[in-house]
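A.B. asks: Any chance you could fold what I've pasted below:
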Amino acid sequence: MYHVLGLAFEGCQASGLASPFDVFNVVNTLWKQGYDGDAPYRCSIVSRSDAPIKTSNGTRILADYTLDNAPDADLVIVPGIHHDDSQTLLNKLHRLDRETHWLRQRFHSETLIAANCSGVFLLAQTGALDCHDATTAWWLGGTFQKRYPQVNLKTDQVLAQNPTTYCTGSMTANLGVMLQIAERQVGRQLAQACARAMLIDASQDTGSPYVFLQDQSGHQDGMVLAVESWVQRYISQPLDMPALAAHHSVSVRTLTRRFKKANGVNLSEYLQNLRLEYTKQLLETTNLSIERVVERVGYGSPSALRRLFQKKLGLSPRAYRQRVKVNVPPAQV
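C.D. replies: Purely as a prediction, here's the structure:
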C-alpha cells in the first residue's frame, strides 16, 4: 500500500489537498472493481499540531498526524499558500518554518514531493529545488525568480519534474501529476481508467500564452493592470493610445510614463511581445494556417509576422512550427 501525506497549514488551498486525494480515491475504487486484495492508496493529513486547520476557503480539517509523529510516506503533497499579493505570500512563508524543516527532512530521505502553485515556494525554501527545474503559477514567476535565483524556473511550463520532486503551476497540471505517479505505482491501465472517469488531461505541460504576462505583472499599479487586461483581451486590435488613455482618464504622456515605470517596457513593446508569445502558442498547439494566425494575433500581414520571427527567433513561423509541433487538433475556423 502506498501512503500519501497531504501537508496542511493555516490558509492552505483546500483543493490542493482534496483534489489529489480524490484521484487516489478513484484509483482505489477502480482497483476494488477489478482486482483482489487491499486498495493501493491510503491518504492522510499532516499538520504542525492537533488543532483544526482553517483552509483558505474556510473549510476546517483535522490532521491524522502532526509533524512530530508522521510516519514515512511514499508521496507528500504541498498545496498552494493563499495570499493577496507577493508580500503577503512571503510573510506567510516565513511563518511556515516548521513545515519547511519537515519538508527538508522528507526531501533528504528521498520521499517523493509534489508541490502546486504557490506551494512551490515552500518547497524551494527547503533547498530541494536548487540547481533543479521548477515552475509555479504564471503570475508568481517574477517573484519566484528574484527569491530563488539558484532554481531553474521554467516560465513556459506548468509542470517541472525532477527525480524526487514535481512542481506544477495549475490545478489541472497537479491532477495530471497524480495520474503520472499512479501510473508509475499501479500501472498505466488503472491510471488511464481514472483519467477517463475524472475527465483529466494528463498531457498538459505548457502555460502559454501567459508566459509573457507573468514577467510583466508584478507591480501594483491598478491603472496599468487594467490597461494590460484590455490589451490582452483585444490583442488583435490596433493600439489606439489616445482612446486608451482617455478611457482611463489620463493623458497619453501619463499612461506612457506609468506603463514604462511598471513594466520596464513601453506599451508597444509589451503588445509586440504578447503577440509573439500568443503566436508561438497557436503555432505549437493548432493547425491554423499562417494567415489565420495573423488574423487572430493582429499582425498586419504574413510578411510582417515572418520579419518579426526572423528578428526575434532566427527562423520563419513555418520552421518554428515544424520544430516544436506535436499532435495538435484540426484547424479551427
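A.B. asks: Go ahead and produce CSV holding the CA coordinates of stretch 286-296.
C.D. replies: What follows is stretch 286-296 as a C-alpha-only set of coordinates in CSV (Å, rounded to 0.1, in the frame of the first residue of the first chain):
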residue,chain,number,x,y,z
THR,A,286,-3.2,24.3,-33.5
ASN,A,287,-3.2,23.6,-37.3
LEU,A,288,-4.3,27.1,-38.1
SER,A,289,-2.9,28.5,-41.3
ILE,A,290,-0.3,31.3,-41.0
GLU,A,291,-2.9,33.6,-42.5
ARG,A,292,-5.4,32.7,-39.8
VAL,A,293,-2.8,33.1,-37.1
VAL,A,294,-2.0,36.6,-38.4
GLU,A,295,-5.7,37.5,-38.1
ARG,A,296,-6.0,36.0,-34.6
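A.B. asks: for it, which positions count as buried?
C.D. replies: Of all the residues in stretch 286-296, those buried under the rule 16 or more other Cβ atoms under 10 Å are 286, 288, 290, 293-294, 296. From N, CA and C alone the C-beta is placed, and that goes for glycine too.
A.B. asks: distance of Asn273 from Thr256?
C.D. replies: Relative to Thr256, Asn273 is positioned 17 Å away (Cβ to Cβ, to the nearest Å).
A.B. asks: from what I can see Thr100 touches Phe121, true?
C.D. replies: No: the pair Thr100 / Phe121 is not scored as a contact, 10.0 Å apart, by Cβ atoms under 8 Å.
A.B. asks: okay, the two: which has more neighbours?
C.D. replies: Between Thr100 and Phe121, counted using other Cβ atoms under 10 Å, Phe121 has the larger neighbour count: 27 against 17.
A.B. asks: distance between the ends of stretch 71-90?
C.D. replies: Terminal residues of stretch 71-90 are spaced 29 Å apart (Cα to Cα, to the nearest Å).
A.B. asks: Would you map out the domains in the chain?
C.D. replies: The record assigns the chain these domain ranges, following automatic domain parsing: 2-198, 211-324.
A.B. asks: Could you look over those and pick the most buried one?
C.D. replies: Ranked by average neighbour count under the criterion mean count of other Cβ atoms under 10 Å, the domains of the chain are headed by domain 2-198 at a mean of 19.
A.B. asks: Just the terminal-to-terminal distance for it.
C.D. replies: Here the two ends of domain 2-198 are set 21 Å apart, with distance taken as Cα to Cα.
A.B. asks: got a pLDDT number for Gly314?
C.D. replies: Per-residue confidence for Gly314 comes out at a pLDDT of 86.
A.B. asks: ok, now Ser217?
C.D. replies: Per-residue confidence for Ser217 comes out at a pLDDT of 55.
A.B. asks: And Gln33, by the same measure?
C.D. replies: The per-residue pLDDT of Gln33 was computed as 88.
A.B. asks: Using the three-state scheme, assign Val76.
C.D. replies: The three-state assignment at Val76 reads strand, by DSSP: H, G, I helix; E, B strand; the rest coil.
A.B. asks: For it, give me its contacts.
C.D. replies: Residues near Val76 by Cβ atoms under 8 Å, 6 or more residues apart in numbering: 4-7, 103, 106, 111-114.
A.B. asks: what's the farthest-apart pair in those residues?
C.D. replies: Taking Cβ to Cβ, the two most distant members of these are Val4 and Leu103; they sit 14.8 Å apart.
A.B. asks: lowest-confidence stretch among the domains of the chain?
C.D. replies: domain 211-324 (a mean of 84).
A.B. asks: All the strands of this structure, in order from the start?
C.D. replies: Listed from the start of the chain, the chain has strands (DSSP state E) covering 2-7, 41-47, 53-54, 60-61, 65-66, 75-78, 112-116, 133-134, 152-153, 159-161, 165-168.
A.B. asks: Pull up the pairing partners for the second one, direction included.
C.D. replies: So that's strand 41-47. Sheet pairing for strand 41-47, assigned by DSSP bridges, gives strand 2-7 (parallel), strand 65-66 (parallel).
A.B. asks: Likewise for the third one?
C.D. replies: Strand 53-54 has the following sheet partners, assigned by DSSP bridges: strand 60-61 (antiparallel).
A.B. asks: Am I right that Ala128 is in contact with Thr165?
C.D. replies: Yes: the pair Ala128 and Thr165 passes the contact test of Cβ under 8 Å, sitting 5.8 Å apart.
A.B. asks: list residues touching both of those two?
C.D. replies: With contacts taken as Cβ under 8 Å, 6+ apart, Ala128 and Thr165 have 107, 113 as neighbours in common.
A.B. asks: what residues are up against Lys54?
C.D. replies: With contacts defined as Cβ under 8 Å, 6+ apart, the neighbours of Lys54 are 10-11, 60.
A.B. asks: TSV please, covering the residues you listed and showing distance to Asp221.
C.D. replies: What follows is the contacts of Lys54, written out as TSV (distance: Cβ to Cβ, whole Å):
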residue	distance to Asp221
Glu10	30
Gly11	26
Arg60	37
